[in-house]
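Sharing a model prediction with you, sequence too.
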Amino acid sequence: MAQSTTLQPTAATTDFADAPRSGTWDGGNEPFRASYGKLMMWFFLLSDTFTFGAFLTAYGLIRHKHGVYTGPAKDFFFSTAHWPVPEKVFNAFPGFHGVDLPLAFVALMTMILIFSSVTMVLAVEAGHRLDKADVQKWLLWTILFGSMFLSSQAWEWSHFIGGHEEPTIMADGTRFFGANLAMNQYGPPLFGDLFFFITGFHGTHVFSGVILLIWCFIATTNGTFEKRGHYEMIEKIGLYWHFVDLVWVFVFTFFYLV
Amino acid sequence: MATNMTGSSQAQGGIGTAAAPATTHDDHLHEHDHHDQHWLWKYVFSQDHKMIARQFLITGMFWAIVGGALSSLFRLQLGWPQATLGWLEPILGKWVVGGKIAPEFYLALVTMHGTIMVFFVLTAGLSGTFSNFLIPLQVGARDMASGFMNMLSYWFFFLSSIIMFSSLFLETGPAASGWTIYPPLSALPQAIPGSGMGMTMWLVSMVFFIVSQLLGGVNYVTTVINLRTRGMSMSKLPLTIWAFFLTAILGILSFPVLFSAALLLVFDRSFGTSFFLSDIYIAGQALPNQGGSPVLFQHLFWFLGHPEVYIVIMPAMGMVSEVLATNARKPIFGYRAMIGSLIGISLLSFVVWAHHMFVTGMNPFLGSVFMFLTLIIAVPSGVKVFNWLATLWRGNIRFTSAMLFAIGFVSLFISGGLTGIILGNATLDIQMHNTYFVVAHFHLVMGSSAFFGLFAGVYHWFPKMFGRMMDEKLGYIHFWLTFAGVYLVFMPMHYVGIAGFPRRYYAWTGFDAFSQFADLNKFISTAAILAFFAQFVFIFNFFYSIFRGRRATQNPWNSTTLEWTTPIIPGHGNWPGEIPAVYRWPYDYSKPGSDKDFIPQTVPYSATPESNLPYEQELSE
């Protein structure tokens, strides 16, 4: 749109002895040395921070309203009377049926997502060097890790929905396996509600990110950015990707660690 | 008076030298050179900020008529509870039952009146119009940072409008649980008819509205940061731009929280979750939902809801500052204090939300913290009011229509602000909460004030928007009818409220305590309906002047800011030649020593040695 080139001082303006001031914030330039597109991404991420912030605040307040299990860890049992202990809920690993591996799988998922951030950085760096082949390579890795994370989340969800070996005897005496939005075997209904809602909302962000990265990969392959002379689009998508990773760190902390 | 102002166009030729050299072809605008644009791209899917601003304005005016008409309907019910309203049947159909407005429909009326006025008129219609129109023109930019996203912003708003408007025609009626849509009423479709499809469409509409706000907001902020012309430092920005800039930041940070609340509510309504629901019996049946908290919704809602009232009022404050300084022919008093107070209000707006919730069972200690923070807002608000008054003090005032509305704004803001101090006290709020006192307070301080700011803006910038002048006589008539109307409606409402008269009640005839207010209510209703019809003077003036108004000159108000250096009807790209550079602040009115009573921002100090202050003289050498 309004390119910065249109704002450059030209000879026509020096008729007066006092040229307009030209400091960082005096106009006619980009005070943060960032294009409008990058600034927009930053402001969008700030906005999204507040969306997630609201969800995590809601999580905190609702959890605070619920009971806490205070007995010894080995005697822990699922009940709607207290919030579950994450180690007891998330202790399965694909291929290790019946083995108690608390938080092992989610740790792997987190590692995968962090790796995807590393490859994303490498893609951005390759973009700075205008190295098309390298950009493609690292984008592909990022897409792969992103998709792996999503697949892992799908497994995690299906296991959460399917439930543990042992059913929980609910308040009305029925036996219940797994979870849905109305009730779950692990604890109060809101434990399941919040888990589905917040990890789902985050997963939607990762999914959108993967779609954007695939679009970037296609555009890179078609030489769109090469013709443009810069790979700034990759940088902008990269900002988004790192943000989504950072949010996961908080989601992970809230749901699995505390 | 009117002839004096508009006749002084020769002043433009004086020292406004940097204005727009007439070049036949604009070589700075390769991208925009579509001289033969199809009308569809020029008028409908336009990416030009000026066209988008006009689209927002006219959509906002449509919504204002709808919102005003709804309020007239419920004022009929409140003023004449015994009257037979069968004559409304052709319009309202089965919502009039036996000559009476149906109680469910009454709730829908107040809900939709609030929603429409707060979001569709005073958020989208006000800052959508003027942020779009004025930011590029006043900072000296060709257009918004991203014209495409700007266009999307309008069309998301349009989509949101279509959905909200359609919901008025649902068989079960539109949303009816108040504009604050508190659960559980809004969360349970079986609670009232309006919580069914009407509420669903309300939520869907608001999601698109929030998307529109976000697209607009990031655009406004980045345009102000990156696209200011040479010399336009942050301390040379007109106060309008500061206001729009901070408003956009508030929107970016607060609307996402409403988005969160709306999404959680959608899940509660449609997918069986219990985020906001617990321990509910409805029609004798216990609901299975356990563990949620309706107060959580209120926290999330008001985290948006409170900054929202500043989103509504700050653009009006900015425009009023500009109009007051221009028409008092004086620099705005305390320019930096004005910026500081805007920043102060913006920061405080995020930490006062729970003053809407003093009586919801919140911890009283928390209430006193929020009370303390709320009352601090009186400080920056007071700074602004005194600065406006000091700007008027001994000014060479030109009573244009815009100026009248700007002065009216200051008056309403004071009258409404004083009752804010009362309501901000948690103990007093126990008596006042949810009464007509609250209704009177916020209608004066933010509803009517923001409308007055909007009118001031339209009258003042109409010549730049349409190249013609609005009629001053009709403007005066509009002003006095509206100004008198607003006070006649809302002053008596305070008394009704102090007596404990609750808001949102369909009928008060069953309460002995309130029967003495029958006359007062009739009076309020009469004034409200008359004030509503007075707005058609404005509507007529607006549309008549677009086509038949007197042609505007380039700088009809002898103003200093950049938008008046563009051609009378700026084309795509705003300035045909190079964008002018800026040398001075925007308020050099009646500067001692100068032979003109205004010096545009584009005039360097070296051209005005006769009026330079010592440090300015140094800058010019």
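Alright, I've got the coordinates. Numbering: from 1, shown residues only, chains lettered A, B, ... in the order given.

nearest residue to the residue in the stretch 301-450 of chain B positioned nearest to chain A other than its sequence neighbours?
Nearest residue of the stretch 301-450 of chain B to chain A, counting by CB to the nearest CB: residue B:303, 7.2 Å away. Every residue, glycine included, has its C-beta placed from N, CA and C. Excluding its sequence neighbours, the residue lying closest to residue B:303 (CB to CB, 6 or more residues apart in numbering or on different chains) is residue B:257, at 4.6 Å.

Over to residue B:388?
Closest to residue B:388 by CB to CB, 6+ apart is residue B:410, at 4.9 Å.

picking that back up, for the one helix or strand the residue nearest to residue B:303 maps to, list every residue counted as buried.
Using DSSP states H and E, residue B:257 sits within helix B:239-270. Of the residues in helix B:239-270, B:239-269 count as buried by neighbour count, 16 or more other CB atoms under 10 Å in any protein chain shown.

helices and strands around that helix, which ones?
For helix B:239-270, the packing partners by 3 or more CB pairs under 8 Å, 6 or more residues apart in numbering or on different chains; DSSP states H and E come out as helix A:36-65, helix B:129-139, helix B:197-226, helix B:294-328, helix B:335-348.

hmm, 10 Å instead?
Under the contact definition 3 or more CB pairs under 10 Å, 6 or more residues apart in numbering or on different chains; DSSP states H and E, helix B:239-270 sits against helix A:36-65, helix A:189-194, helix A:200-221, helix B:129-139, helix B:197-226, helix B:294-328, helix B:335-348, helix B:449-466.

and that helix, how far out from the chain's middle?
In terms of CA atoms, centre = their mean, to the nearest Å, the centre of helix B:239-270 is found 15 Å from the chain centre.

What is the burial count for residue B:38?
Residue B:38 sits with 10 neighbouring residues when counted by other CB atoms under 10 Å in any protein chain shown.

what sits against residue A:254?
Taking CB atoms under 10 Å, 6 or more residues apart in numbering or on different chains, we find residue A:254 in contact with A:55-56, A:59-60, A:63, A:86, A:194, A:198.

and the gap between it and chain B?
For residue A:254, the distance to chain B (CB to the nearest CB, to the nearest Å) stands at 15 Å.

Look up the closest residue to whichever residue of chain B sits closest to chain A, ignoring the ones flanking it.
Closest to chain A within chain B is residue B:231: 2.9 Å, counting by CB to the nearest CB. Distances taken as CB to CB, 6+ apart put residue A:20 closest to residue B:231, at 2.9 Å, once the chain neighbours are dropped.

Could you grab the helix/strand/coil label for the one you found?
coil (DSSP: H, G, I helix; E, B strand; the rest coil).

Tell me, how many residues neighbour it?
Residue A:20: 23 surrounding residues under other CB under 10 Å.

again, but for residue B:512
7.

Ramachandran coordinates for residue B:598?
phi -150, psi 140 (degrees, to the nearest 10).

residues contacting the closest residue to chain B within chain A?
Chain B sits closest to residue A:20 of chain A, with a gap of 2.9 Å, by CB to the nearest CB. Residue A:20 makes contacts with A:9, A:13, A:26-28, B:229-233, B:236, B:580-584, B:602, B:604, as judged by CB under 10 Å, 6+ apart.

out of those residues, which are buried?
The buried subset of these - by 16+ other CB under 10 Å - is A:13, A:26-28, B:229-233, B:236, B:580-584, B:602, B:604.

lowest confidence element among the helices and strands of chain B?
helix B:11-15 (a mean of 37; mean pLDDT, DSSP states H and E).

Can you name the element that comes right after it?
Following helix B:11-15 toward the C-terminus (DSSP H and E): helix B:39.

Other residues contacting that next one?
residue B:46.

buried set for the following helix or strand past that helix?
Using DSSP H and E, the helix or strand that follows helix B:39 in sequence is helix B:49-79. Using 16+ other CB under 10 Å as the burial criterion, the residues of helix B:49-79 that qualify are B:49-57, B:59-61, B:63-64, B:66-68, B:70-79.

contacting residues around residue 202?
All of this refers to chain A. A:52, A:55, A:153, A:244, A:247-248, A:250-252.

I was thinking of chain B, sorry if that wasn't clear
Residue B:202 touches B:111-112, B:115, B:163-164, B:167, B:174-177, B:179, B:181, B:186, B:194-195, B:262, B:265, counting by CB under 10 Å, 6+ apart.

try residue A:210
A:116, A:142-147, A:149-150, A:241.

tell me the contacts of the residue nearest to residue B:303?
Counting by CB under 10 Å, 6+ apart, residue B:257 touches A:47, A:50-51, A:53-55, A:57, B:210, B:299-305, B:307, B:353.

distance of it from residue A:42?
Using CB to CB, to the nearest Å, residue B:257 is found at 19 Å from residue A:42.

ok, now residue B:423?
37 Å.

if we can go back for a sec, restrict the contacts of residue A:202 to those near chain B?
Near chain B, judged by CB under 10 Å from any CB of the partner chain, the entries from those are A:52, A:55.

from the contacts of residue A:202, which is closest to residue B:152?
Closest approach to residue B:152 among the contacts of residue A:202 (CB to CB): residue A:244, at 22.5 Å.

Next to chain B, which bits of the stretch 101-250 of chain A? Give me the list.
Listed as neighbours of chain B in the stretch 101-250 of chain A under the rule CB under 10 Å from any CB: A:171, A:180-183, A:187-194, A:196-197, A:200-201.

In ChimeraX, select just the buried ones from these.
To isolate the buried ones among these in ChimeraX, judged by 16+ other CB under 10 Å, type:
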select /A:181,183,187,188,189,190,191,192,193,194,196,197,201
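
who touches stretch A:114-123?
For stretch A:114-123, contacts defined as CB under 10 Å, 6+ apart pick out A:134-149, A:206, A:209-210, A:213, A:216-217, A:220, A:231, A:234-235, A:237-242, A:244-246, A:248-249.

By neighbour count, sort out the buried ones in those.
Buried members of the contacts of stretch A:114-123, counted by 16+ other CB under 10 Å: A:135-136, A:138-139, A:141-149, A:206, A:209-210, A:213, A:216-217, A:220, A:231, A:234-235, A:237-242, A:244-245, A:248.

From the buried residues of helix B:49-79, list the ones also adjacent to chain A.
Applying CB under 10 Å from any CB to the buried residues of helix B:49-79, those adjacent to chain A are residue B:49.
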